[in-house]
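Q: structure of the sequence below:
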Amino acid sequence: MDKILRINMSADGGPKASTGSIGAYAGLGGRAMTSAIVAKEVPPLCHPLSAENKLIIAPGLLSGSLAAMSGRISVGCKSPLTGGIKEANSGGQAAQVLGRLGYAAIVLEGAPKSETIYKVFINKSGVKISADNSLKMLGNYDLIEKMKKEYGDKISCISIGPAGEMKLSAASVAFTDMELRPTRHAGRGGVGAVMGAKGVKVIVLDDTGMPNREPKNPEKFKEANKNFVQGLKKHPVTGEGLPAFGTNVLTNVINEAGGFPTNNFKMGRFAGASKISGETQASTESARGGIVTHGCHRGCVIRCSGVYNDKDGNFLTKQPEYETVWAHGANCGIDDLDAIAMMDRLDDDYGIDTIEMGATIAVAMDAGLAKFGDAKAAINLVKEVGKGTHLGRILGNGAAVTGKVFGVERVPVVKGQSMPAYDPRAVQGMGVTYATTTMGADHTAGYAVTANILGVGGKVDALKPEGQIELSRNLQIATAAIDSTGMCLFIAFAILDQPDTFQALLDLLGGFSGANLTGDDVVALGKSVLKNEREFNIQAGFTSKHDRLPDYFKNEPLPPHNVTFAVKDEDLDKVFNW
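A: Just a heads-up that it's a prediction; the model follows:
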């Protein structure tokens, strides 16, 4: 991956593609690449939907190789949702395909001079950009079917749905899975709206005839890859829990811990949790002929995704992730898996973040637009977004906007982005991450559930403030590095608990690059990414006062433990003191 593809949507005579050397961005991948380009090339004070913003799509350092778990991809820009820097991460096939095509990044820049929308086709022969207004306002599923008819079924697609075209700030970018379904999404921060603002509906990738990327030290790489896979398979989370029940294995765990946000973060336990748990979901999928254990990209050995069929045995959606089950389930008081799966399908088709959408519906329920537990009403609210009605456009711009429009005080957001499926009062380390990450409230930025709840990588009492700053800081640094490799974040469970698996990861990276890497090198990479991101946010107008949770988390005790978020503001300001 020694080249960067730039597509200038403002060029005279229509969009123009140019390929240049990686230059100053050599040695970067994934989140390190997207954040470096945004920090260097995007004016921090620009409007996120303007021609000055850029959308960067970057595979990881190991993507396109035979390294296990290396198929994650990063999408970066200035976020329309937060106003700060954004990296949204996804699975699917695109990272591996882009890596084999030799591209370290695709950069969409400028803005089209008309309302025309474009498709981009990339293969070993080059890049073709075509105007195609027949694609306007298509859902992702119909769009991909059209692409298959036009380009065949050996492709991978990156696309937006109607939400992205309408430039809604909760819009996602979809990536196709191994079965060419648009089920994997870079969901957070409104990256789909920026792709929409660039006038690009779909990027079609075809790596036919391209070899895998080869390591500099093949023997070291091969041995490290074998040891790394063995480590993942022997850890109880990555080797047993996730393959058996998917990410939704967490529903019963977090509910029992009292940190499962219910009815717009009013309670920490949901009475209907067992009806929507990973165990119930897996048995439902099996009974209907679905798939419980499935990989979202080639090279995945954890295989935590799946296929959810409807009552008639027909494909409905991917296996809904834990965050989605929570967002459209407990947070809205809904205990109907079929209703949750339908909303997941609609979110993917419209191209909208399931976490933001679920949090927004819960805020709308607090505003009286529907009753908690009313699944039919919740589905209809999602459909409003797809239709682009006035109400739909409000909801499609996220929980913070919806709360303002309808006068709701209790809106669970940081920097304009909604909180995911862990109440920060019952999982205080997650509260630190929500408050201080550069991304707005985001569980993946520093997943303190590891030590707070699961006892992975040590144990820090989830209900007390002590130790949470150090926990979140270390996890945010490690996560920024992992997000740069193309590795799935779930490898963290094994590398935190198993020193030999962490060493195998270092050897895998070293065998591929030809360098001898240490743990200190990983830390340095993570810190450099966070430094870029924080400097951009500061120039965009953020201060330490934005690194805070809404006041009600400090003032309202959360049942069943009746605790408040107790980490002090002055301690939150120390997270990035290293």
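Q: show residues contacting the least confident helix or strand in the chain by mean pLDDT.
A: Counting by mean pLDDT, DSSP states H and E, the chain has its least confident helix or strand at strand 291-294, which shows a mean of 86. If you take Cβ atoms under 8 Å, 6 or more residues apart in numbering as the criterion, strand 291-294 is touched by 243-246, 282, 285-286, 303-307, 319. Every C-beta, even on glycine, is put in place using the N, C-alpha and C of the backbone.
Q: now list the buried members of these.
A: Buried members of these, scored by 16 or more other Cβ atoms under 10 Å, are 243, 245-246, 282, 285, 303-307, 319.
Q: just these: which are in strands?
A: If you go by DSSP state E, these have 305-307 in strands.
Q: which among these gets closest to Ser35?
A: Ser305 (26.5 Å; Cβ to Cβ).
Q: quick one, what contacts that closest one?
A: By Cβ under 8 Å, 6+ apart, the residues touching Ser305 are 91, 177, 183, 246, 294-296, 318-319.
Q: kindly report the same for Ile155.
A: The contact partners of Ile155, by Cβ under 8 Å, 6+ apart, come to 147-148, 176, 180, 204-206.
Q: in helices, which of these appear?
A: Counting by DSSP state H, the contacts of Ile155 place 147-148 in helices.
Q: could you dump the contacts of Ile155 into JSON lines with pLDDT, distance to Asp132 and neighbour count added?
A: Formatted as JSON lines, those follow (pLDDT from 0 to 100; distance: Cβ to Cβ, whole Å; neighbours: other Cβ atoms under 10 Å):
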{"residue": "Met147", "pLDDT": "98", "distance to Asp132": "10", "neighbour count": "25"}
{"residue": "Lys148", "pLDDT": "98", "distance to Asp132": "15", "neighbour count": "16"}
{"residue": "Thr176", "pLDDT": "98", "distance to Asp132": "18", "neighbour count": "27"}
{"residue": "Leu180", "pLDDT": "96", "distance to Asp132": "19", "neighbour count": "18"}
{"residue": "Val204", "pLDDT": "98", "distance to Asp132": "11", "neighbour count": "22"}
{"residue": "Leu205", "pLDDT": "98", "distance to Asp132": "17", "neighbour count": "25"}
{"residue": "Asp206", "pLDDT": "98", "distance to Asp132": "17", "neighbour count": "18"}
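Q: going by distance to Ala68, which of the ones in strands among the buried ones among the contacts of strand 291-294 wins?
A: Nearest to Ala68 among those, with distances taken as Cβ to Cβ, is Ser305, at 15.5 Å.
Q: nearest to Ala515, of the ones in strands among the buried ones among the contacts of strand 291-294?
A: Distance ranking of those against Ala515, using Cβ to Cβ, places Ser305 first at 32.4 Å.
Q: now do the closest one, the pLDDT please.
A: On pLDDT, Ser305 comes in at 90.
Q: over to Ala451?
A: The per-residue pLDDT reported for Ala451 equals 97.
Q: what about the residue nearest to it when sequence neighbours are not counted, neighbour count?
A: Once flanking residues are discounted, Ala451 sits nearest to Val460: 4.4 Å by Cβ to Cβ, 6 or more residues apart in numbering. Using other Cβ atoms under 10 Å, the number of residues around Val460 comes to 21.
Q: please enumerate the helices of the stretch 401-550 of the chain.
A: 428-436, 449, 468-485, 491-497, 499-513, 519-539 (DSSP state H, counting those that start in this stretch).
Q: so which of these gets nearest Glu52?
A: Of all these, helix 519-539 sits nearest to Glu52, with 13.5 Å by Cβ to Cβ.
Q: what does the closest one rub up against?
A: Residues outside helix 519-539 that contact it (Cβ under 8 Å, 6+ apart) are 31-32, 35-36, 38-39, 42, 44-45, 84-85, 87, 438-439, 476-481, 483-484, 502, 506, 515, 576, 578.
Q: kindly write the PyMOL command that selects the buried subset of these.
A: Command for PyMOL that selects the buried part of the contacts of helix 519-539, burial taken from 16+ other Cβ under 10 Å:
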select buried, resi 31+32+35+36+38+39+42+44+84+85+87+438+439+476+477+478+479+480+481+483+484+502+506+576
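Q: show me what contacts the nearest residue to Ala105 once chain neighbours are set aside?
A: Distances taken as Cβ to Cβ, 6+ apart put Ala58 closest to Ala105, at 4.2 Å, once the chain neighbours are dropped. By Cβ under 8 Å, 6+ apart, the residues touching Ala58 are 29-31, 33-34, 73-76, 104-106.
Q: no more questions from me, cheers.
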